[in-house]
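Asks: structure for this input, please:
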Amino acid sequence: MKIVVIGGSGLIGTKLVNTLSEAGHEVLAASPGTGVNAVTGEGLAEALTDAEVVVDVANSPSFEQKAVLDFFETSGRNLIAAEKIAGVKHHVALSVVGTDRPNANTYFLAKLAQEKLIKESGIPYSILHATQFFEFVGGIAQAGTQGDQIHVSSAKFQPIASDDVVEALADIAVGTPLNGAAEVAGPEKIGLDEIVRQYLSLKNDNREVISDVHAPYFGTEINDQSLVPGDNARIGKQTYSNWIRKPGNLR
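Replies: Now for the predicted structure:
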């Protein structure tokens, strides 16, 4: 089976390409670095030739409101058009838990627009909603930094190891299209403020973490329901406390 991974050189894409290749599939890592650009359309036709499955894990280089929306809408339209010509049988997309919740931030709304294009394309599809990756905790801390303090919401979320996301994506990619969405999340529910404290402690960073229910999460106020999955989510294996202590994971 030929599988094309759009965004194949990123965090998730690189791991997914390796996982699917090790399972015996013909896998093409597609990214601007390999001459395939979903935003401009460059190289798409050639990359998708004879492909049965396309997995889109590409991410916008900018989270600015207009830029991120343009990225996902433009790349989504170009991919769908190329897939129809190539006869692709299954479109898989990685999205985020919470895109359809009230008060979604601009990034989530851009992902929701991408999902709408996929659902209306007529191509059999599967969408995987994942919670935030463990690798993203440092970014959460950075976003909340105000001088020597870090202001973070105390809202609960259920972060996940990227390896567990890749495992779920690989299973979906070689399976029957869902024509719907599934969720995947980590095994533990924890406050954003709590996990940032763990992260800083392991880095010997003494900055104070201020728990604030009104602290925005990338521009939007959230609550305990904003970032957590539903009851039927697939649950990953790795806990944050175990994952963060593995060599190379604390950055």
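
Asks: which parts of the stretch 51-200 of the chain are strands?
Replies: Remark: strands assigned in the stretch 51-200 of the chain by DSSP state E, counting those that start in this stretch are 53-56, 90-96, 125-130, 145-146, 149-152, 156-157, 180-185, 190-191.

Asks: out of the ones you listed, flag the one nearest residue 10.
Replies: strand 90-96 (10.2 Å; C-beta to C-beta). Every residue, glycine included, has its C-beta placed from N, CA and C.

Asks: contact partners of that closest one?
Replies: The contact list for strand 90-96 (C-beta atoms under 8 Å, 6 or more residues apart in numbering) reads 12, 52-57, 79-80, 83, 107-108, 111, 114-115, 118, 121, 123-132, 165, 169, 172-173, 177, 181.

Asks: re earlier: I'd like the strands of the stretch 51-200 of the chain as JSON lines, with distance to residue 102 appended.
Replies: Shown next, in JSON lines, are the strands of the stretch 51-200 of the chain (distance: least, C-beta to C-beta, whole Å):
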{"stretch": "strand 53-56", "distance to residue 102": "26"}
{"stretch": "strand 90-96", "distance to residue 102": "15"}
{"stretch": "strand 125-130", "distance to residue 102": "16"}
{"stretch": "strand 145-146", "distance to residue 102": "26"}
{"stretch": "strand 149-152", "distance to residue 102": "20"}
{"stretch": "strand 156-157", "distance to residue 102": "16"}
{"stretch": "strand 180-185", "distance to residue 102": "17"}
{"stretch": "strand 190-191", "distance to residue 102": "20"}
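
Asks: from the contacts of strand 90-96, list the buried ones, please.
Replies: 12, 52-57, 79-80, 83, 107-108, 111, 114-115, 118, 121, 123, 125-132, 165, 169, 172-173, 181 (16 or more other C-beta atoms under 10 Å).

Asks: next, the contact list for residue 11, please.
Replies: Counting by C-beta under 8 Å, 6+ apart, the residues that residue 11 touches are 133, 135, 162.

Asks: how does it look with 10 Å?
Replies: Taking C-beta atoms under 10 Å, 6 or more residues apart in numbering, we find residue 11 in contact with 57, 59, 133, 135, 136, 162, 165, 166.

Asks: looking at those, which are in helices?
Replies: 162, 165, 166 (DSSP state H).

Asks: nearest to residue 5, of the strands of the stretch 51-200 of the chain?
Replies: That would be strand 53-56 among the strands of the stretch 51-200 of the chain, by C-beta to C-beta, at 5.0 Å.

Asks: chain center to the closest one: distance?
Replies: 14 Å (C-alpha atoms, centre = their mean, to the nearest Å).

Asks: partners of it, with directions?
Replies: strand 2-6 (parallel), strand 90-96 (parallel) (DSSP bridges).

Asks: could you export that strand as PDB, CA atoms only?
Replies: Taking Å, rounded to 0.1, in the frame of the first residue of the first chain, the C-alpha atoms of strand 53-56 are listed here in PDB:
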ATOM      1  CA  VAL A  53      -3.900   6.700   1.500                       C
ATOM      2  CA  VAL A  54      -2.900  10.300   2.300                       C
ATOM      3  CA  VAL A  55      -2.200  11.300   5.900                       C
ATOM      4  CA  ASP A  56      -2.100  15.000   6.600                       C
END
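
Asks: make a markdown table out of the contacts of residue 11 and add pLDDT and distance to residue 148.
Replies: Formatted as a markdown table, these follow (pLDDT from 0 to 100; distance: C-beta to C-beta, whole Å):
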| residue | pLDDT | distance to residue 148 |
| --- | --- | --- |
| 57 | 98 | 36 |
| 59 | 95 | 31 |
| 133 | 96 | 27 |
| 135 | 95 | 25 |
| 136 | 94 | 22 |
| 162 | 97 | 30 |
| 165 | 98 | 34 |
| 166 | 98 | 37 |
